[in-house]
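Chemist: For reference, the sequence and a predicted model appear below.
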Amino acid sequence: AQSVTQLDSHVSVSEGTPVLLRCNYSSSYSPSLFWYVQHPNKGLQLLLKYTSAATLVKGINGFEAEFKKSETSFHLTKPSAHMSDAAEYFCVSSGYSSASKIIFGSGTRLSIRP
Amino acid sequence: DGGITQSPKYLFRKEGQNVTLSCEQNLNHDAMYWYRQDPGQGLRLIYYSQIVNDFQKGDIAEGYSVSREKKESFPLTVTSAQKNPTAFYLCASSLRPGQTVDEQFFGPGTRLTVL
C-alpha cells in the first residue's frame, strides 16, 4: 500500500541557513513524487516533481529534492532560507494507473527566524 | 490568465442548511478534485471527476455531493448530513483523466464555517 510520511510536523530555521524537510514514501513501485507549498489561507502551489527521470529535481524558489530509492526518501532542501519561505509544505505520492491514489503527507510547517 | 477560481472565499452556514461551493477552471483539464483540509492535517479527498458527467467518491464523501455537467465546473454541495463541515475546502484540477502522475493545480480555497 502507498503511504507518505513527513517526519517533522514543524521545522524552524534562521534566515540564511539551510532548509531540510524530510519525506519518506512507501510503495510497491516507483511512484511519482511531488512537493507543494501552501501559504496561509491559500491554495497549494507545485514546487517540484519527480517522475523517474533525473533523481535530483530542481524546483522553483531555489528548492530541490533528491529521490533515493534505497532509502525510500524524497527530502526537500534549500541552501539558504528566506523569510518568504515560511509556509506549510506537503509531500505527495502518486502512481501510474487510474487505480492509483494520490497520497498527501500530513505537512511540515516551516518557520523562519530573523 | 489560466487557473482555478473558487467562490466564495469565506462562507458561513447555519446548522441544517445545505451550501454549494463553486469551482471553475479554464485550463482545459479533464480531471477535477475536491479536498477538505482541517487544521494541522493534510488534505483528504472528498470527490473526484475524470470526465464530464462522471465522478467517484473519495475517502470522505459522506455528507457531500458533486456534479460535473461542464468540463470547466465542479461544484461541491455540503449537505446537512455532514456532521462537522467547518473546514477549508480546496478544489484542484489536472490535465489527463486517470493519470495521477500529472501535477495538480489548486484553487485559492473556500473557508466554510458552520454557526
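Modeler: Ah, there it is. Numbers count the residues shown, from 1 in each chain, chains lettered A, B, ... in the order given.
Chemist: Up against chain B, what does chain A have?
Modeler: Chain A has residues A:9, A:32, A:34, A:36, A:41-46, A:49, A:51, A:90, A:94-98, A:100-102, A:104-107 near chain B, with proximity defined as CB under 8 Å from any CB of the partner chain. Every residue, glycine included, has its C-beta placed from N, CA and C.
Chemist: Just the ones of those residues in helices?
Modeler: Assignment to helices by DSSP state H places none of these there.
Chemist: Out of these, which end up buried?
Modeler: Those of the residues of chain A next to chain B that meet the buried threshold are A:32, A:34, A:36, A:42-44, A:46, A:49, A:51, A:90, A:94-96, A:100, A:102, A:104-105, A:107, by 16 or more other CB atoms under 10 Å in any protein chain shown.
Chemist: Can you pull the residues of chain B lying near chain A?
Modeler: Residues of chain B lying near chain A by CB under 8 Å from any CB: B:4, B:6, B:33, B:40-45, B:50, B:88, B:90, B:92, B:97-101, B:103-109, B:111.
Chemist: Of those, which belong to strands?
Modeler: Residues from the residues of chain B next to chain A lying in strands, with DSSP state E as the criterion: B:4, B:6, B:33, B:43-45, B:50, B:88, B:90, B:92, B:105-106, B:111.
Chemist: Can you say which of those residues are buried?
Modeler: Of those, these count as buried by 16+ other CB under 10 Å: B:I4, B:Q6, B:Y33, B:L43, B:L45, B:Q50, B:F88, B:L90, B:A92, B:F105, B:F106.
Chemist: right, and the pair among these with maximum separation?
Modeler: Farthest apart among these by CB to CB are B:Q50 and B:F88. That separation is 24.2 Å.
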